[in-house]
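Trainee: fold the following.
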Amino acid sequence: MPRLVNKLSARKVATLTQPGRHSDGGGLYLSISPSGARSWVFMWKVAGRRREMGLGPLQGVPLQKAREKAANARQLVLEGRDPLAARDAQQSQMTFGEAADALIESMSPSWRNEKHRAQWTMTLTAYCQQIRSKPVAEITTDDVLAVLEPIWRSKSETASRLRGRIERVLSFAKARGMRSGENPAQWRGHLDAILPKRPMLTRGHHKALPFQEVPAFMRQLREMEGIAPRALEFAIVTAARSGEVFGLTWSELSLDDRLWIVPGPRMKGGREHRVPLTSRAVQILLQMGRLRTEESELVFPGGKRGRQLSETSLQAVLERMGVDATPHGFRSSFRDWAGDATSFPREVAEAALAHIVGDKAERAYRRGDALEKRRKLMEAWQSYCQGTTPRRKTRSAPQRASPSAPD
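Mentor: Sure, this is the predicted structure:
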């Protein structure tokens, strides 16, 4: 009897969260780790012994592509060949571009949002055109310099990140047996003797709107139509990072409990974060729900099918409104309001921002996340943003004076 294949649907793949292996048939499985990372695995038997081969993370390998890879592997098994050996032989002849793509694919499960993958892909594609088609085993110091020198002074920060990423690609290639010898993109003891030291950068804070101006801004924002304005408004009323909002899926929400649970892998600190939802936040979600399709589980989908919104889409909203601030800066507006215009404890405000408060010993004894206290804080913030409360100290527990933790 033939084996069943294509048992999973695209929607099923997007909504599955239960850790374990979920069969699509024909030896193809979607593997979900306890941390929530999802990847494809092909499994087969040789002389009664089970073997397996990773086919890449779900984020970089959609269902159809995974099925194509599994079909190729099944054909090799039918021919009496080893899919792993065939893959290794192919990788030994990889170009730099193919090695870079393979590294990005292997690293994707460890990244918390799509932004990291996009940045790595962009830099290793746009700036490395002249070496992407060259065998990775033949990349030399001269090749690396040809990429870096044109932008080393004019785009020093980008050049530094690019150098590090090229070094990672070449280290990856060496670890997979694709090249040997020293890494020509290494900085210390190698490129530092050739390239001038980059000037130190002075980093500033994200531009923030003074909290006194937020109510008027929010009235104007609510009049704008579109997904990006609603995503920005949702980020402001929840005091969430924009990346957390971009990746928000319907499975993370419990509207009955008015709760949003952000999984640890999607958080900057790597810890699960519970976000109490205010009445306005729920209204926004219900509004987005009317636009929901089976093609995407994203609450705030981007312009391209299956893609998230980008930071530039929210920044574009602010620019159209003539506001000199950043989306992230509204977290500072919230923190200044909580510290200067309310009496909510510092710990509650910091918990709302998912900041770590106190030393290791103190955190060990404080296991809770002050959800109900934070719910009151966020309702007060919503009321302030809507201009429905007087601008005076909101009564709560006495506040402890202390500077805000860095974001």
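
Trainee: give me the domain ranges for this protein.
Mentor: With automatic domain parsing as the criterion, the domains of the chain are listed as 10-91, 96-193, 211-385.

Trainee: turn those domains into a markdown table, including mean pLDDT and mean neighbour count.
Mentor: Backbone N, C-alpha and C define where each C-beta goes, glycine included. Converted to a markdown table, the domains of the chain look like this (pLDDT from 0 to 100; neighbours: other Cβ atoms under 10 Å):
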| stretch | mean pLDDT | mean neighbour count |
| --- | --- | --- |
| domain 10-91 | 87 | 16 |
| domain 96-193 | 89 | 17 |
| domain 211-385 | 87 | 17 |
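
Trainee: show me the contacts for Met378.
Mentor: 237-239, 276, 278, 352 (Cβ atoms under 8 Å, 6 or more residues apart in numbering).

Trainee: can you flag which of those residues belong to strands?
Mentor: Pro276 (DSSP state E).

Trainee: export the contacts of Met378 as JSON lines, with columns for distance to Ile32.
Mentor: Listed next are those as JSON lines, based on distance: Cβ to Cβ, whole Å:
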{"residue": "Val237", "distance to Ile32": "31"}
{"residue": "Thr238", "distance to Ile32": "26"}
{"residue": "Ala239", "distance to Ile32": "30"}
{"residue": "Pro276", "distance to Ile32": "27"}
{"residue": "Thr278", "distance to Ile32": "31"}
{"residue": "Ala352", "distance to Ile32": "30"}
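
Trainee: among the contacts of Met378, which one sits closest to Glu294?
Mentor: Comparing the contacts of Met378 against Glu294 with Cβ to Cβ places Thr238 closest, at 26.0 Å.

Trainee: thought that closest one was touching Val275?
Mentor: Yes: assessed by Cβ atoms under 8 Å, Thr238 is found in contact with Val275 at 5.4 Å.

Trainee: mutual contacts of the two, please.
Mentor: In contact with both Thr238 and Val275: Trp260, using Cβ under 8 Å, 6+ apart.

Trainee: CA atoms of the host helix or strand of Gly164 as CSV?
Mentor: Per DSSP states H and E, Gly164 falls inside helix 156-175. Provided in CSV are the C-alpha atoms of helix 156-175 (Å, rounded to 0.1, in the frame of the first residue of the first chain):
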residue,chain,number,x,y,z
SER,A,156,31.9,52.0,8.5
GLU,A,157,29.2,50.4,10.7
THR,A,158,27.8,48.4,7.8
ALA,A,159,31.3,47.4,6.7
SER,A,160,32.2,46.2,10.2
ARG,A,161,29.0,44.1,10.3
LEU,A,162,29.6,42.8,6.8
ARG,A,163,33.2,41.7,7.7
GLY,A,164,31.9,39.8,10.7
ARG,A,165,29.2,38.1,8.6
ILE,A,166,31.7,37.1,5.8
GLU,A,167,33.9,35.7,8.6
ARG,A,168,31.0,33.6,9.8
VAL,A,169,30.3,32.3,6.3
LEU,A,170,33.9,31.2,5.8
SER,A,171,34.0,29.6,9.3
PHE,A,172,30.8,27.8,8.5
ALA,A,173,32.3,26.6,5.2
LYS,A,174,35.4,25.3,7.0
ALA,A,175,33.3,23.5,9.7
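
Trainee: run through who's touching it.
Mentor: Residues contacting helix 156-175 (Cβ under 8 Å, 6+ apart): 94, 96, 99-100, 102-103, 106, 120, 123-124, 127-128, 136-137, 139, 144, 147-148, 151-152, 179-181, 183-187, 191, 198-199, 201.

Trainee: returning to that earlier point: what about the contacts of Met378, which are in helices?
Mentor: 237-238, 352 (DSSP state H).

Trainee: for stretch 338-345, output the C-alpha coordinates as CSV.
Mentor: Output of stretch 338-345 as CSV, limited to C-alpha atoms (Å, rounded to 0.1, in the frame of the first residue of the first chain):
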residue,chain,number,x,y,z
ALA,A,338,4.7,56.3,34.1
GLY,A,339,7.6,57.8,36.1
ASP,A,340,6.6,61.5,36.0
ALA,A,341,2.8,61.5,35.9
THR,A,342,1.8,58.4,37.9
SER,A,343,2.5,56.7,41.2
PHE,A,344,2.8,53.2,39.8
PRO,A,345,5.8,51.4,41.2
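
Trainee: now Ser31: phi and psi?
Mentor: The phi/psi pair for Ser31 (degrees, to the nearest 10) reads phi -100, psi 130.
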